[in-house]
Structures are given as C-alpha cells and as structure tokens.
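K.L.:
Build me a model:
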Amino acid sequence: MTESASPYISRPRIMVLGVQRADPPFRIMEIDGEVIGEAKSVTDVLQAAAAFGITVHDLDDPDVVRWVGGDKFTWR
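P.N.:
Coordinates of the predicted model:
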C-alpha cells in the first residue's frame, strides 16, 4: 500500500518577504494575506504576530511562518 502525496500546500498566517535595500534594511511582513508593515529583526516578527493574537512556538515551522528570500537570520 502506498500513500499518495497530498497536493495541499498550506498558507501560513505569517509571511516575511525578501530583504528590501534601505538604511537600515527591512523585510515586508504579511499576516493573513495583508501587508502589516516592516520587520527589521526576528523580534519585530514576533511582536507583530503577538499583536495579531498569533503565538509562534517555532519560527522554522513553514505552516506558521514562511520566510521568502532567506530565513530568520537573513536581514541584510
């Protein structure tokens, strides 16, 4: 018996987009498909999530946070 792969791709509530060149550099952040502002660090991501009532236990869980153009350590 074989399991078939599910075609479902989850859409996480939090998306952190690629680094924008600026001084200082930042990443645009979306929650539930809406742009909510800029994040300049992981702390900004966690604070914004908390403001929207989202508890993040694992920043590496792609079902919770999707990092586009880098990971949680990419800020430049």
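
K.L.:
can we go C-alpha only for contacts and neighbour counts from here?
P.N.:
Fine.

K.L.:
Residue 63 against residue 11, yeah?
P.N.:
Yes. When contacts are counted by CA atoms under 8 Å, residue 63 is listed as touching residue 11 (6.8 Å).

K.L.:
In this protein, where is pLDDT below threshold?
P.N.:
Low-confidence regions of the chain, defined here as pLDDT under 70, cover residues 1-6, 8.

K.L.:
in it, which spans are helices?
P.N.:
Here the chain has its helices, by DSSP state H, at 42-51.

K.L.:
Mind jotting down where the strands sit in it?
P.N.:
Taking DSSP state E as the test, the strands found in the chain are 14-20, 26-31, 34-39, 65-67.

K.L.:
which helices and strands does the third one pack with?
P.N.:
It refers to strand 34-39. For strand 34-39, the packing partners by 3 or more CA pairs under 8 Å, 6 or more residues apart in numbering; DSSP states H and E come out as strand 26-31.

K.L.:
likewise the shortest one?
P.N.:
If you count contacts as 3+ CA pairs under 8 Å, 6+ apart, strand 65-67 packs onto strand 14-20.

K.L.:
quick one: buried residues of the strand it packs on?
P.N.:
By neighbour count, and taking 16 or more other CA atoms under 10 Å as the criterion, the buried residues in strand 14-20 are 14-19.

K.L.:
my read: residue 39 touches residue 28, true?
P.N.:
Yes. A contact is recorded between residue 39 and residue 28 when judged using CA under 8 Å, the distance being 6.2 Å.
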